[in-house]
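1. Prediction below, plus the sequence it came from.
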Amino acid sequence: CKDKKESSLVFVYTPGDEYFYFPDGTGMTFGEGGFQSITLQIHFDNRNYDSGMVDSGSGIRLFHSNTSVEQEIGMAMIGDPFVKLTGVEVGSGLTRHSFTCPSSCSESQLDTEATVTIVKEILHMHSHGRRIVNQVVRHDSVVHESYIDYYDFDQTAGPSQANPPFQFNRGDEFRTICYYAANSDTKFGIGSTDEMCMAFVLYFPKQALDFCGVGNYHDECRATYDG
């Protein structure tokens, strides 16, 4: 798809992550009224530019049913999902960078009086990341918090805290906070030696909520950055 509005991210997996099964009665629709194709994107980590490296085991396995699901699963990307901070210095030593997805996003992207159930949060940084937090803020109070206190990119680049499903309401905010121990020349970017700060949120029932970040194409879903 040439336009990101014509496509949706459906899942993220990194080495070291545990298998995840959608809750009973949920899933994604393919065919009429749903997705028409799947694109598999693989990010290889070869920071040392080693030659002769061959990947012979990556792929996906899809489980499908002809029975319609009761609830459609959606995914939202938050923080800096498009890495709009590319080229911005992370800062030397220990630093903190915060991204807030405003309440205007959920107010505009969720149905009136809608409440969605979040079933999984995947938290992502790169090799300089040390701690990452994803919060749900309601009326200026933190009502939910997922965090990885000892982040290790080499162990898994997308860890998920084992939380029970929880509610996200229309008018709620997301706040994604990343902590780094970086060098003076470390910048945000797409390379493994660059840095990122984002979270992938799986929820149901599916709504228009898909992206909320720095420089987002929805004005209502343009995150503020404090770093």
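-> Thanks, I have the structure now. Numbers count the residues shown, from 1 in each chain.

2. OK, contacts around the residue in the chain sticking out farthest from the centre?
-> For the chain, the largest distance from the centre (C-alpha atoms, centre = their mean) belongs to residue 52, which lies 31.5 Å off. By C-beta atoms under 8 Å, 6 or more residues apart in numbering, the contact set of residue 52 is empty. C-beta: built from backbone N, CA, C; applies to glycine.

3. Can you give me the pLDDT of it?
-> As predicted, residue 52 sits at a pLDDT of 88.

4. what do you get for residue 5?
-> 50.

5. what do you get for residue 216?
-> pLDDT at residue 216 comes out at 72.

6. What of residue 164?
-> 89.

7. Just give the number of residues close to it.
-> 5 (other C-beta atoms under 10 Å).

8. what do you get for residue 217?
-> 12.

9. Could you do the one 3 residues further on as well?
-> The burial metric for residue 220, expressed as a neighbour count using other C-beta under 10 Å, is 15.

10. what about it, which SS state?
-> helix (DSSP: H, G, I helix; E, B strand; the rest coil).

11. Next, work out how far apart it and residue 101 are.
-> 10 Å (C-beta to C-beta, to the nearest Å).

12. where in this structure is pLDDT low?
-> Applying pLDDT under 70 to the chain flags residues 1-6, 157.

13. one more time with 50
-> Scanning the chain for pLDDT under 50 picks out the ranges 1-4.

14. At which residues are the helices of it located?
-> 103-109 (DSSP state H).

15. what's the nearest residue to residue 27 if we skip its chain neighbours?
-> residue 69 (4.0 Å; C-beta to C-beta, 6 or more residues apart in numbering).

16. and the one you found, what does it touch?
-> By C-beta under 8 Å, 6+ apart, the contact set of residue 69 is 25-29.

17. Recalculate using a threshold of 7 Å.
-> By C-beta atoms under 7 Å, 6 or more residues apart in numbering, the contact set of residue 69 is 25-27.

18. Next: residue 215.
-> Residue 215 neighbours (C-beta under 7 Å, 6+ apart): 82, 84, 222.

19. Now do the phi/psi pair for it.
-> Torsion angles at residue 215 (phi, psi; degrees, to the nearest 10) stand at phi 70, psi 30.

20. From residue 97, how far out is it?
-> 15 Å.

21. Chain neighbours aside, what residue packs nearest to residue 186?
-> Using C-beta to C-beta, 6+ apart, the nearest residue to residue 186 is residue 90, at 4.5 Å.

22. My read is that the one you found contacts residue 185, right?
-> No - judged on C-beta atoms under 7 Å, residue 90 makes no contact with residue 185 at a distance of 9.3 Å.

23. The two: who's more crowded?
-> residue 90 (26 against 9).

24. can you pull up the bridge partners for the residue most central in space within the chain?
-> Centroid-nearest residue in the chain: residue 200, 1.9 Å away (criterion: C-alpha atoms, centre = their mean). Per DSSP bridges, the residues bridged to residue 200 are residue 77, residue 122.
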